[in-house]
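S.K.: Sequence and predicted structure, then a few things I'm wondering about:
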Amino acid sequence: MTDSKYFTTTKKGEIFELKAELNSDKKEKKKEAVKKVIASMTVGKDVSALFPDVVNCMQTDNLELKKLVYLYLMNYAKSQPDMAIMAVNTFVKDCEDPNPLIRALAVRTMGCIRVDKITEYLCEPLRKCLKDEDPYVRKTAAVCVAKLHDINAQLVEDQGFLDTLKDLISDSNPMVVANAVAALSEIAESHPSSNLLDLNPQSINKLLTALNECTEWGQIFILDCLANYTPKDDREAQSICERVTPRLSHANSAVVLSAVKVLMKFMEMLSKDLDYYGTLLKKLAPPLVTLLSAEPELQYVALRNINLIVQKRPEILKHEMKVFFVKYNDPIYVKLEKLDIMIRLASQANIAQVLAELKEYATEVDVDFVRKAVRAIGRCAIKVEQSAERCVSTLLDLIQTKVNYVVQEAIVVIKDIFRKYPNKYESVIATLCENLDSLDEPEARAAMIWIVGEYAERIDNADELLESFLEGFHDESTQVQLQLLTAIVKLFLKKPTETQELVQQVLSLATQDSDNPDLRDRGYIYWRLLSTDPVAAKEVVLAEKPLISEETDLIEPTLLDELICYIGTLASVYHKPPSAFVEGGRGVVHKSLPPRTASSESAESPETAPAGAPPGEQLDVIPTQGDLLGDLLNLDLGPPVSGPPLATSSVQMGAVDLLGGGLDSLMGDEPEGIGAPNFVAPPAAAVPTNLGAPMGSGLSDLFDLTSSVGTLSGSYVAPKAVWLPAMKAKGLEISGTFTRQVGSIAMDLQLTNKALQVMTDFAIQFNRNSFGLAPAAPLQVHAPLSPNQTVEISLPLNTVGSVMKMEPLNNLQVAVKNNIDVFYFSTLYPLHILFVEDGKMDRQMFLATWKDIPNENEAQFQIRDCPLNAEAVSSRLQSSNIFTVAKRNVEGQDMLYQSLKLTNGIWVLAELRIQPGNTSFTDLELSLKCRAPEVSQHVYQAYETILKN
């Protein structure tokens, strides 16, 4: 009878019955009862009430019963820790049982019971088992050390288990060696700084000896450990490769990939002139090809790994193109991956074969696959110049099929071919124009518009074609709008007399009628160029374009080197380093290939560091614009330029004027349009008239605040707050606040290192912000920041950085870089740090300005429970550069009339009404008037902060 009967019982009082059976004198009845308990536990019933009764069954010689009881214990020990202690004596006893299977079972179960109270009792039995005469017990005990380390690392170190584990690497039994390596690797992964696996030529030799006799999973542990070793020279690397090569013919694909990883890593140290190097390349191909005869899921993993290998060393598989040809019954994910590898392997020798295949694929029924095949034909044309003509004629044949999605993909790739081979294949433009009406995908429409704009002089009706796109301009995607704007400007510069209306129309649509900042900025730039200097416009817009490179989707070299070290893991399938998808601190050690030794230095190696770069230093890679603050890092992280910006920044459309306030001099005086008939300059944002004497008029006056006389002011300083918690910045915690002293602004930072490694090479960068705040000097951390160390730094700031209106207005986005990574955070700065020392208006000016500012710009606020009287309020505000111009008493209420000026020249006028009372707290009514009303809310917040703290 099968074990299914244990799952079918539905009697009432089941627990009671089981209890009785567990305490039965008959061994067979006991065993049946324990099986029923395990069955109930498996289907999710709570049988923890039977804990004492099941533990009593441990005292038995029957191995099957003992296993069942141990299984129960592992499941319930955590919820019943006090009960679990009852089982400790039996564990200790079982660890000395004459039967090695029972000894191993006991030590394995002890490792699985994750209860702190019990761990200390396990140390003695575990120590005995680590030195047991039977290898089965020793190999089980080795894994138990790793489990115990996970529960209580300090205990394992104090008890000396790690040293015993290191001794097991020299064990005579290969399985014990493999498990010891696995346990040490696991522990080392959670403590990257500890040098547990102290590998040297002697220990490597022992591992290689054990490699031949291990089980397959043992071999994987040993190979992964070998991959973390860096040989001292190319001879040792070659010797290790020779002993690992036989693993390539193993039946288990995981063993094969682990062996490939070791060989790919150590090949880095071998000279390409060696005969052995060529032999190794030949030996690597067959096992990789064999992996492709497995089931689809395994094929996919193999293909993702091969994709990396081909990018690093295409010569390994250059003669194996046929195995990557797609089979009709391959799943789509395998087809797409094979297609990618085919293009990477395409060369002059095999291009005819590849093109014939791709043309066949383009007639398949699977739409995604067909699209990728058509793109692949274009990529082949760009990669292998000799094949370009055949590729173009193949694409034209596909366009003639009139299948919509095929035509669209073909047009997208032909645009790239024009970029790669200018003035060569333009004869096909007529064919492309015939299909203009069928294009409905943004990418294809944008490609077609680019072609029309680029070759407008060869297309008689180019203006009509572009005008047809312009009719639905606002319904188009951004990509098409941007392309259409550029194409029409190109057309205007080539045929100015015929297309003036068209270009005026598109510039108006892109600037005044659009709310897309990219489109608007590009429109304004073109408008400025055309209205100022059409000759310069021609040089800019119709400049010769650089040829596009052949492989645009290659993985960046330093990332590729890291991924090669992770062949056969999830990182090699995702094509991302583990740090991108593993949460927490485990398993995210950055790995890299070993440096080439002097004897193996090869001039053709693309991986060698550029001349002048210090050895072992990797070049910084600029992240893509898709990053949270990509543009922060496109700026140099060196010391910022001090002093006012260059005059060229005056053309930045609406840069500072987003906030209003006296910037008409930046926008107004436009030179008359040269050559372009009746060209109108773009409308500048409405800017208020100048306020007169107190306000600077030019750019230098706006940004250079050194002319103002600084008086020592005790401006309010908020307490430091945590801006970047350590858990989000790999152990770096940043707290800070902002201060203003004697006319200079500073960011007071506190950096704390909560990681396990030293931090160095600090740098800081701000994103563009509403008031142009930027570091006035580099971030100076004079000594390396050791673990658990804190350092206080005052970073001077100026307001001459790039300006962009933020939401909220006082938002500041910051990037901090150190030797570990780049970290981003944003914080809100209090506006009073921007109140300048010369912000006091004279009375006449105050009165005239107050009347001049429209009433709708007035904002009113209440400040409740202020603990100060009128005199104290005035004094407190003056210390933060809010100046009282006049004071009156109206019907028993004190009225303060105040003025302040921001660093960018915006004036804010205030009327503060104070209701005197008998209590120690008063309520204040604040009216603010300003030409840029969006600052009023933040000025009110500054008032409240200063007066209440």
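M.R.: Alright, I've got the coordinates.

S.K.: so what's the backbone phi/psi at Leu847?
M.R.: The phi/psi pair for Leu847 (degrees, to the nearest 10) reads phi -60, psi -50.

S.K.: measure it to Gln80 for me?
M.R.: Distance, Leu847 to Gln80, using C-beta to C-beta, to the nearest Å: 82 Å. C-beta coordinates here come from the backbone N, C-alpha and C atoms, glycine included.

S.K.: ok, now Leu547?
M.R.: 72 Å.

S.K.: And Leu298, by the same measure?
M.R.: Counting by C-beta to C-beta, the gap between Leu298 and Gln80 amounts to 43 Å.

S.K.: now swap in Asp46 and tell me
M.R.: Look at Asp46 and Gln80: by C-beta to C-beta, they are 11 Å apart.

S.K.: And for Ala487?
M.R.: From Ala487 over to Gln80 the distance is 75 Å, taken as C-beta to C-beta.

S.K.: Between these two, which is the more surrounded one?
M.R.: Comparing Ala487 with Gln80 by other C-beta atoms under 10 Å, the one with more neighbours is Ala487, at 24 against 17.

S.K.: Could you list every helix and strand in contact with the helix or strand harbouring Phe469?
M.R.: Applying DSSP states H and E as the criterion places Phe469 in helix 462-470. Applying 3 or more C-beta pairs under 8 Å, 6 or more residues apart in numbering; DSSP states H and E, we find helix 462-470 packed against helix 442-454, helix 478-494, helix 500-511.

S.K.: okay, the angle between the last one and helix 478-494?
M.R.: Here the directions of helix 500-511 and helix 478-494 differ by 150 degrees (axes from the mean of the first three to the mean of the last three C-alpha atoms, to 10 degrees).

S.K.: hey, where'd the strands end up in the protein?
M.R.: For the chain, the strands defined by DSSP state E cover 721-724, 732-741, 744-753, 763-766, 774-775, 790-798, 811-817, 822-828, 858-866, 883-890, 893-901, 907-914, 922-930.

S.K.: export these to a markdown table and tack on mean pLDDT and distance to Cys391?
M.R.: A markdown table is the format used below for these (pLDDT from 0 to 100; distance: least, C-beta to C-beta, whole Å):
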| stretch | mean pLDDT | distance to Cys391 |
| --- | --- | --- |
| strand 721-724 | 92 | 51 |
| strand 732-741 | 92 | 51 |
| strand 744-753 | 92 | 55 |
| strand 763-766 | 92 | 44 |
| strand 774-775 | 93 | 49 |
| strand 790-798 | 92 | 55 |
| strand 811-817 | 92 | 43 |
| strand 822-828 | 91 | 41 |
| strand 858-866 | 86 | 65 |
| strand 883-890 | 88 | 73 |
| strand 893-901 | 90 | 65 |
| strand 907-914 | 90 | 65 |
| strand 922-930 | 88 | 63 |
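
S.K.: can I get those strands in JSON lines with distance to Tyr328?
M.R.: Shown next, in JSON lines, are the strands of the chain (distance: least, C-beta to C-beta, whole Å):
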{"stretch": "strand 721-724", "distance to Tyr328": "54"}
{"stretch": "strand 732-741", "distance to Tyr328": "54"}
{"stretch": "strand 744-753", "distance to Tyr328": "58"}
{"stretch": "strand 763-766", "distance to Tyr328": "54"}
{"stretch": "strand 774-775", "distance to Tyr328": "61"}
{"stretch": "strand 790-798", "distance to Tyr328": "64"}
{"stretch": "strand 811-817", "distance to Tyr328": "51"}
{"stretch": "strand 822-828", "distance to Tyr328": "47"}
{"stretch": "strand 858-866", "distance to Tyr328": "71"}
{"stretch": "strand 883-890", "distance to Tyr328": "83"}
{"stretch": "strand 893-901", "distance to Tyr328": "76"}
{"stretch": "strand 907-914", "distance to Tyr328": "74"}
{"stretch": "strand 922-930", "distance to Tyr328": "72"}
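
S.K.: could you dump those strands to JSON lines with mean neighbour count and distance to Cys241?
M.R.: Formatted as JSON lines, those follow (neighbours: other C-beta atoms under 10 Å; distance: least, C-beta to C-beta, whole Å):
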{"stretch": "strand 721-724", "mean neighbour count": "16", "distance to Cys241": "45"}
{"stretch": "strand 732-741", "mean neighbour count": "20", "distance to Cys241": "40"}
{"stretch": "strand 744-753", "mean neighbour count": "19", "distance to Cys241": "40"}
{"stretch": "strand 763-766", "mean neighbour count": "21", "distance to Cys241": "41"}
{"stretch": "strand 774-775", "mean neighbour count": "20", "distance to Cys241": "50"}
{"stretch": "strand 790-798", "mean neighbour count": "16", "distance to Cys241": "47"}
{"stretch": "strand 811-817", "mean neighbour count": "20", "distance to Cys241": "38"}
{"stretch": "strand 822-828", "mean neighbour count": "17", "distance to Cys241": "37"}
{"stretch": "strand 858-866", "mean neighbour count": "15", "distance to Cys241": "75"}
{"stretch": "strand 883-890", "mean neighbour count": "14", "distance to Cys241": "78"}
{"stretch": "strand 893-901", "mean neighbour count": "21", "distance to Cys241": "72"}
{"stretch": "strand 907-914", "mean neighbour count": "22", "distance to Cys241": "73"}
{"stretch": "strand 922-930", "mean neighbour count": "19", "distance to Cys241": "74"}
